[in-house]
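Asks: turn this into a model:
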Amino acid sequence: MPLPYVVLWPLVAATLCLVLPPGNAAAGLTLAAALATLTTVGFLTRQVLAHGSQTTPGLWLYADALSTVILLLVALVVTTAAAYSWGYVRRDFAAGEIGRGRLKRYYVLFNLFAASMVAVPLVNNLGLLWMVVGATTLTSAFLVWFYRRPEALEAAWKYLLLTSVGSLLALFGTVLTYCAAVPVFGTTFALEWTALRGAGGLLQPEALKLGFLLVVIGYGTKAGLAPMHTWLPDAHSQAPSPVCALLSGAELNCALYAVMRFYVLAAGGLGRELPGTLLMGFGLFSVLLAALFLLTQRDFKRLLAYSSVEHMGLVAAGAGFGGPVGYYGALFQMLNHALAKSLLFYAAGNVLHRYRTTRLTEAHGLLRAMPLTGVLALAGALAITGVPPFSTFWSKFFIAVAGLEGGHRLLTALLLLCLVAVFAGFLQAVGRLCFGPAPNPVPAGEQGPAMTVPILASVLVLVAVGFYLPPWLDALLRGAAAVLGGP
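Replies: Next up, the predicted model:
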């Protein structure tokens, strides 16, 4: 049974990193644990596709196709982030920006953060789901504060305070969901997803309605949905680049996964119109607000943060549009965003180490200073904005089709208009970064294989899946869409 091992590998790595000397040993162990997690998730994917949902004795852990999609994208981002960290953090240590103690803490916290994220889609109990989503905040807040600058401390506190308020609202929503289920299961019920999903219209509607609203606001704060997104740009501008990749590519998706689980319950008890409208509203507002900020942003990492707000809104809108195509597109978009955004944050890390800034008024001429990183950054910008042949084009296309099929023509037109604005703003900013002469003090040359291979690998996957979607991945996404569609 592979379920416990998915969480076990990063926990073992975190424990060993406490006793190992900081440096290559901890970096190699972290990468090995990430690869072991990815391999275990691959085995679990095969089990789910062949035999259906998997559980452990006592139903503590549970994995269906929806869980497995989230596990797959988290494991992919954790693996590339672990590989990129090897070169990134070593350069910070060599430059004297961090000491040996902080280097050790980085790898301990990295693995604890990874363990908490892979636990999110595995827990069967909605109360435990709230706890492990909270654990992702506690472990990542210290990584946001990693450089110990005043700005980093402010960003970490803002992250903690806002997501804690959101967590409290999500807890109230979970309690109300429990209250909605009491008439069906009694007061000793343990909030297990496997029991709740079959209750459908038997759940008390008023408690379920208010509970879902609080869950969307609460977990939506952690997912970066507007207007609860304000922690995101500050945290992304201050955290190390591999941590930004984890925050944007993995953690946001984990929070949105929690919303999706409650969406299935709300749709079963209330019908799909009200929950779908709520997700569409938050999703479209997030895309619209992000588009406005992307048109005026002058810092590359903050630009990527607002892009994450846009993409989480796009996923929420796709789920709100509903239907097999909408669910499929939303889930495919989660996976594509995880790969595209992580590679762009790795490129931003290369820029920061070479230019010592990510401000677009000072960082330019990337194609001259680091030609490979510049080409990959351009490819990442095209991928994140949904340009063919990258797979993000197809996920956005499916979401637009779902909106039209659902009769939401005006909303779909507004969504597409926002995506055009996002494309213009993003390409303008990345063009400013990549073209033109490099500043005189900036030497030419790449940052080394450890800091370029993860970027190249992500680009190749996005191109490959854009041309050919493997049958097993298509089957997994269809299975996850069926879970969202309900029994």
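
Asks: what's the host helix or strand of residue 479 packed up against?
Replies: Residue 479 is part of helix 471-485, with elements assigned from DSSP states H and E. Identification of packing neighbours for helix 471-485 by 3 or more Cβ pairs under 8 Å, 6 or more residues apart in numbering; DSSP states H and E yields helix 24-51, helix 65-94, helix 252-270, helix 323-355. Glycine gets a C-beta too; all of them are placed from N, C-alpha and C.

Asks: buried sites along the last one?
Replies: Read that as helix 323-355. In terms of neighbour count (16 or more other Cβ atoms under 10 Å), helix 323-355 has its buried residues at 323, 325-355.

Asks: picking that back up, buried residues in the helix holding residue 479, which are they?
Replies: By 16+ other Cβ under 10 Å, the buried positions in helix 471-485 come out as 473, 476, 477, 479, 480, 481, 482, 483, 484, 485.

Asks: same check on stretch 366-383?
Replies: 366-367, 369-370, 373-383.

Asks: so for the longest helix seen in the chain, what gets flagged as buried?
Replies: As assigned by DSSP state H, the longest helix anywhere in the chain is helix 150-185. Neighbour counts over helix 150-185 (16+ other Cβ under 10 Å) mark 152, 155-156, 158-160, 162-164, 166-167, 169-171, 173-181, 185 as buried.

Asks: check stretch 382-390 too.
Replies: Across stretch 382-390, burial judged by 16+ other Cβ under 10 Å covers 382, 383, 384, 385, 386, 387, 390.

Asks: tally of neighbours for residue 277?
Replies: When neighbours are counted by other Cβ atoms under 10 Å, residue 277 registers 12.

Asks: and the nearest residue to it once chain neighbours are set aside, which helix or strand is it part of?
Replies: Excluding the flanking residues, the one nearest residue 277 by Cβ to Cβ, 6 or more residues apart in numbering is residue 320, at 6.8 Å. Using DSSP H and E, residue 320 falls within helix 300-321.

Asks: other SSEs contacting that helix?
Replies: Secondary-structure packing of helix 300-321 (3+ Cβ pairs under 8 Å, 6+ apart): helix 205-223, helix 231-238, helix 241-246, helix 252-270, helix 273-294, helix 323-355, helix 392-405, helix 409-434.

Asks: got the contact list for residue 61?
Replies: By Cβ atoms under 8 Å, 6 or more residues apart in numbering, the residues touching residue 61 are 3, 4, 55, 122, 123, 124.

Asks: show me those that map onto strands.
Replies: residue 55 (DSSP state E).

Asks: and the two most separated of the contacts of residue 61?
Replies: Taking Cβ to Cβ, the two most distant members of these are 4 and 124; they sit 12.9 Å apart.

Asks: the two: which is more packed in?
Replies: Per other Cβ under 10 Å, whichever of residue 4 and residue 124 has more neighbours is residue 124, with 22 against 12.

Asks: for that one, grab phi and psi.
Replies: phi -90, psi -20 (degrees, to the nearest 10).

Asks: could you measure from it over to residue 200?
Replies: Distance from residue 124 to residue 200, counting by Cβ to Cβ, to the nearest Å: 18 Å.

Asks: same question, residue 160
Replies: On the measure of Cβ to Cβ, residue 160 and residue 200 end up 37 Å apart.

Asks: chain neighbours aside, what residue packs nearest to residue 127?
Replies: With Cβ to Cβ, 6+ apart as the criterion, residue 127 has its nearest non-adjacent residue at 5.1 Å, and that residue is residue 191.

Asks: now for the nearest residue to residue 416 once chain neighbours are set aside: which residues touch it?
Replies: Using Cβ to Cβ, 6+ apart and skipping the chain neighbours, the partner closest in space to residue 416 is residue 400 (6.2 Å). Listed by Cβ under 8 Å, 6+ apart, the contact set of residue 400 reads 412, 415, 416.

Asks: before we move on, what about residue 92?
Replies: 98, 240.

Asks: any idea how far it is from residue 42?
Replies: For residue 92 relative to residue 42 (Cβ to Cβ), the value is 32 Å.

Asks: now do residue 35
Replies: Counting by Cβ to Cβ, the gap from residue 35 to residue 42 is 10 Å.

Asks: ok, residue 347 next?
Replies: According to Cβ to Cβ, residue 347 and residue 42 sit 27 Å apart.

Asks: OK, contacts around the residue nearest to residue 430 when sequence neighbours are not counted?
Replies: Distances taken as Cβ to Cβ, 6+ apart place residue 381 nearest to residue 430, at 4.1 Å, with adjacent residues excluded. Each residue near residue 381 by Cβ under 8 Å, 6+ apart is listed here: 344, 426, 427, 430.

Asks: okay, and residue 381 sits in which element?
Replies: helix 371-384.

Asks: so where's the stretch 1-150 of the chain shaky on pLDDT?
Replies: 1 (pLDDT under 70).

Asks: give me the phi and psi angles of residue 437.
Replies: Residue 437 adopts backbone torsions of phi -80, psi 150, taken as degrees, to the nearest 10.

Asks: got a pLDDT number for it?
Replies: What the model reports as pLDDT for residue 437 is 80.

Asks: surely it and residue 369 touch.
Replies: No: look at residue 437 against residue 369 with Cβ atoms under 8 Å: they stay out of range, at 9.5 Å.

Asks: need the three-state assignment for residue 357.
Replies: Assigned with DSSP: H, G, I helix; E, B strand; the rest coil, residue 357 falls in the coil class.

Asks: make sure residue 311 is actually in contact with residue 337.
Replies: Yes: counting by Cβ under 8 Å, residue 311 touches residue 337, with 4.4 Å between them.

Asks: now for these two: what residues contact both?
Replies: Both residue 311 and residue 337 are contacted by residue 384, under the criterion Cβ under 8 Å, 6+ apart.

Asks: skip the chain neighbours and tell me the closest residue to residue 335.
Replies: Spatially, and ignoring its direct neighbours in sequence, residue 335 is nearest to residue 73 (4.8 Å; Cβ to Cβ, 6+ apart).

Asks: please apply the same query to residue 81.
Replies: Using Cβ to Cβ, 6+ apart, the nearest residue to residue 81 is residue 242, at 4.3 Å.

Asks: rewinding a little: can you name the two of the contacts of residue 381 that sit furthest apart?
Replies: Maximum distance among the contacts of residue 381 (Cβ to Cβ): 12.9 Å, for 344 and 427.

Asks: ok, the closest residue to residue 433 other than its chain neighbours to residue 196 distance?
Replies: Among residues not flanking residue 433 along the chain, residue 366 sits closest, at 5.4 Å (Cβ to Cβ, 6+ apart). As judged by Cβ to Cβ, residue 366 and residue 196 stand 50 Å apart.

Asks: tell me who's in contact with the closest residue to residue 215 other than its chain neighbours.
Replies: The spatially closest residue to residue 215, leaving aside those adjacent along the chain, is residue 173, at 3.6 Å (Cβ to Cβ, 6+ apart). Residues near residue 173 by Cβ under 8 Å, 6+ apart: 210, 211, 212, 213, 214, 215, 216, 218, 262.
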